[in-house]
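S.K.: could you look at this predicted model? Sequence included:
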Amino acid sequence: MKRIPVPLKDNNLERVLAYHQHSKHHFGRYAPSPGYMDWASQPDPFRRFEGTPIILLPLAANRQKAEYVDVFKPGAIKPSPLDVEGISVLLELSFGLSAWKQNGGDRWALRCNPSSGNLHPTEAYVIVSGVQGLENGLYHYVSYDHALELRCQFDPTFRGLLLGLSSIFWREAWKYGERAFRYCQHDVGHALGALHYAAALLGWRVRLLDALGDDDTAALLGLDRPGDFIGAELEAPDLLCLIEFGETTVHPDISEFLRSAANAKWMGRANKLSPHHEFDWPAIDDIHKATHKPATTASESWDASKLPALLPLPCKLPAAELIKQRRSAQAFDGVTSIPATTVYRILDATLPRQGIPPFDAWTWPPRVHLILFVHRVNGLTPGLYVFCRHKESETLLRKAMKAEFIWERAEGCLQHQHLLRLLSADVRQAAKAISCHQDIAGDSAFSLAMLAEFNKGMAEGEWSYQRLFWECGLIGQALYLEAEAAGIRGTGIGCFFDDPMHELLGIQDTEFQSLYHFTIGRPLVDSRLQTFPGYWHLNSERDRQVNRGPIA
């Protein structure tokens, strides 16, 4: 195994800053990575726990007829009951398979939650209590089978549903090396966003239990049990959410859960994802430890100013259909223009609103703003723009950026939208060059960089480093679905040259840092690819009785 050296620092904040700098791409060099694809060690995209009872879930998402626009109207969707079918729909539309693609002899699955390189480091778990048809306890979700594996049986007094996420860093590091930790955090944000949209379709709400520390999350999800991961790649705890169903807000006693889980019977052993690891990335282990979150007090919900309803959207697609048709564009046609009103609606969907996914349970003020490279938008002059997602941040942005920017309000945007033109120019080549010379950044209608209030975020604790990337992922999920609803398509861009992006804006310190890029336009479809439904391989319930353990 090749061990890649990492710069060592004394305290956690220094370690976070060192990782962030070391994992940047530059025109002269890319962040440390394998440099090639070791196909012999390609990770299995599906984690399983051998020797657990398996509960097969019904494929019921297509029965949901509410339209996509309905999820943005609080109270428009009658809450579904908390039952097996509801949990099944929640998991299918957030973490389930959306399609299979095939090119010649190669076949791969796509999921409702997007992922860097389609590598899917994020794993989902549910803790259920009081649901008919399911034993009380902790389950791991297996997207391939659309099934739950019972990891632990316990019986808390709480009645309801908790959902937890974890990350397997190796899945991303296999391809992307040291920068993989960033991409795993993007994926957590996307997964959290996918969960919010799926819950809204059921009339449910998601509440992030942000006070919980990583050690408790790991204990609840069974990630701190080394005997269950012998020879297998470990999982890192990310977060835990409460799924709410009615008007009453409940407060589960996490300490009771921890006591119950500690004394319960655990089942199953994790599968090994790769036969060997060609490279070892100690920088990822180091940043994971440096961003370890302790237990904290619960954050007070950020009091967003009252915003008007989202701009209207001429989309009649059922939400379930739109969620499952979401794709990452691989190329754009380079000629199609879109109306400015479409851009305004897409940007509007990234603003936090109470009761509106995906930011309805985000308790912190917006820390991420958007720098737009506008190429082909009818009603907007081509050039560089900034979209301030928090009006009060405009002063900070002006101070950090070049003095010669004009800061002219974009024509046609609504009063609550702070879209400002910085300069008028053909920025297609600049967008391509900064996004690792990728044509998708310039051939689209517009692309963007997500610029985070880095120093402010880090002042809240080293673990906030992950949270900044989560916020970017949440924004990305909104962009994905809004693009689909507008009849176009988007794709996230994790490969970009960090400091050249900052230099373009005139940023000379770490007050702001670019953490994620995205691009939206008219996609080109690869006719060589065949597409199959997400669960075409499960032809019947009998075919789903896989022999991996006793069927519950």
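M.R.: Yep, it's here.

S.K.: just the helices in the stretch 351-500 of the chain please.
M.R.: Using DSSP state H, counting those that start in this stretch, the helices of the stretch 351-500 of the chain run over 394-400, 428-434, 440-443, 454-458, 464-485, 498-505.

S.K.: closest one to residue 63 among those?
M.R.: In terms of CB to CB, the element of those nearest to residue 63 is helix 464-485, at 20.0 Å. C-beta: built from backbone N, CA, C; applies to glycine.

S.K.: mind giving me the packing neighbours of that closest one?
M.R.: For helix 464-485, the elements it packs on are helix 180-201, helix 319-325, helix 340-348, strand 368-374, strand 446-453, helix 454-458, strand 489-493, strand 512-521, judged by 3 or more CB pairs under 8 Å, 6 or more residues apart in numbering; DSSP states H and E.

S.K.: can you redo these as a markdown table with mean neighbour count and mean pLDDT?
M.R.: Formatted as a markdown table, these follow (neighbours: other CB atoms under 10 Å; pLDDT from 0 to 100):
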| stretch | mean neighbour count | mean pLDDT |
| --- | --- | --- |
| helix 180-201 | 28 | 98 |
| helix 319-325 | 21 | 97 |
| helix 340-348 | 22 | 97 |
| strand 368-374 | 24 | 98 |
| strand 446-453 | 26 | 98 |
| helix 454-458 | 18 | 96 |
| strand 489-493 | 25 | 98 |
| strand 512-521 | 26 | 98 |
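
S.K.: could I get the ones you listed as TSV with distance to residue 85?
M.R.: Output for the helices and strands packed on helix 464-485, formatted as TSV (distance: least, CB to CB, whole Å):
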stretch	distance to residue 85
helix 180-201	13
helix 319-325	13
helix 340-348	32
strand 368-374	36
strand 446-453	36
helix 454-458	39
strand 489-493	31
strand 512-521	34
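
S.K.: thinking again about what came up before, out of the helices of the stretch 351-500 of the chain, nearest to residue 181?
M.R.: Checking those against residue 181 by CB to CB gives helix 464-485 as the closest, at 8.7 Å.

S.K.: just the C-alpha atoms of that closest one, please, in CSV.
M.R.: Taking Å, rounded to 0.1, in the frame of the first residue of the first chain, the C-alpha atoms of helix 464-485 are listed here in CSV:
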residue,chain,number,x,y,z
SER,A,464,-18.3,23.4,10.7
TYR,A,465,-15.9,22.7,7.9
GLN,A,466,-18.1,19.7,7.0
ARG,A,467,-21.3,21.8,7.4
LEU,A,468,-20.1,24.3,4.8
PHE,A,469,-19.9,21.5,2.3
TRP,A,470,-23.3,20.2,3.4
GLU,A,471,-24.8,23.6,2.6
CYS,A,472,-23.3,23.5,-0.8
GLY,A,473,-24.7,20.0,-1.4
LEU,A,474,-28.2,21.2,-0.3
ILE,A,475,-27.9,24.0,-2.8
GLY,A,476,-26.8,21.6,-5.5
GLN,A,477,-29.8,19.3,-4.8
ALA,A,478,-32.2,22.3,-5.3
LEU,A,479,-30.3,23.2,-8.5
TYR,A,480,-30.6,19.6,-9.9
LEU,A,481,-34.4,19.3,-9.3
GLU,A,482,-35.2,22.9,-10.4
ALA,A,483,-33.2,22.3,-13.7
GLU,A,484,-35.2,19.1,-14.3
ALA,A,485,-38.5,20.9,-13.6
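
S.K.: returning to that earlier point: including distance to residue 328, could the helices of the stretch 351-500 of the chain go into a markdown table?
M.R.: Below are the helices of the stretch 351-500 of the chain laid out as a markdown table (distance: least, CB to CB, whole Å):
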| stretch | distance to residue 328 |
| --- | --- |
| helix 394-400 | 29 |
| helix 428-434 | 17 |
| helix 440-443 | 10 |
| helix 454-458 | 26 |
| helix 464-485 | 8 |
| helix 498-505 | 21 |
